[in-house]
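Chemist: I need the structure of the sequence given here:
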Amino acid sequence: MSYEFYKMIHIVSIVIFFSMFASAAYRGTSDKLTKILTGVFVFTIFVSGMGLIARIGIPHDQGWPFWLKAKVGIWLILAASGHMIMKRFPQFAVKTFWIYVGFLTLASYLANYKITM
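Modeler: So this is what the prediction gives:
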């Protein structure tokens, strides 16, 4: 599959994930279907991201560059903590969403400019 295909799947999955997360945050609850679907979209974000990594030519036998490690770390934090925070601390759901938008901006910046250390 082409780079453009993976990039389209990646971006559309991110938009849908954040739309569903925003909807749940502003409602103050997340039902089981929302949790399942956001999990599915996190998975498609991850798979399409791995396809993008393969298409830009990052070899498997070498270590990942800093920007890629940071981006994967950011996404793991977002995926693991979103609904957990909404369930345990519903009063912080909207604030958490906007913090996640900041993390999304940082991840996008890292990927676009390939920041190295």
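Chemist: contacts and neighbour counts: CA atoms only from here.
Modeler: Fine.
Chemist: Give me the next element, helix or strand, following the lowest-mean-pLDDT helix or strand in the chain.
Modeler: In the chain, no helix or strand scores lower on mean pLDDT, DSSP states H and E than helix 66-88, which sits at a mean of 90. With elements assigned by DSSP states H and E, the helix or strand that comes after helix 66-88 is helix 93-113.
Chemist: tell me the mean pLDDT for that next one?
Modeler: Average pLDDT, helix 93-113: 94.
Chemist: what separates the most far-flung residue of the chain relative to its centre from F46, distance-wise?
Modeler: Most distant from the centre of the chain: D61, at 24.6 Å, with distances by CA atoms, centre = their mean. The spacing between D61 and F46, counted by CA to CA, to the nearest Å, is 19 Å.
Chemist: I99 now?
Modeler: 20 Å.
Chemist: what sits against the closest residue to T29 other than its chain neighbours?
Modeler: Distances taken as CA to CA, 6 or more residues apart in numbering place M86 nearest to T29, at 6.9 Å, with adjacent residues excluded. By CA atoms under 8 Å, 6 or more residues apart in numbering, the contact list for M86 reads A25, G28, T29, S30, F92, A93.
Chemist: one more time with 7 Å, if that's ok
Modeler: A25, T29, A93 (CA atoms under 7 Å, 6 or more residues apart in numbering).
Chemist: Does the second one belong to a helix, a strand or coil?
Modeler: Under the three-state scheme (DSSP: H, G, I helix; E, B strand; the rest coil), T29 adopts coil.
Chemist: Near it, how many other residues are there?
Modeler: For T29, the neighbour count with other CA atoms under 10 Å is 15.
Chemist: ditto for the last one
Modeler: For A93, the tally of surrounding residues (other CA under 10 Å) stands at 25.
Chemist: Go ahead and confirm it touches R27.
Modeler: No: in this structure A93 lies outside contact range of R27 using CA atoms under 7 Å: 9.1 Å.
Chemist: Which pLDDT value belongs to T29?
Modeler: 79.
Chemist: How much space separates it from M8?
Modeler: Distance from T29 to M8, by CA to CA: 29 Å.
Chemist: Can you tell me the SS state at T116?
Modeler: Assigned with three-state DSSP, T116 falls in the coil class.
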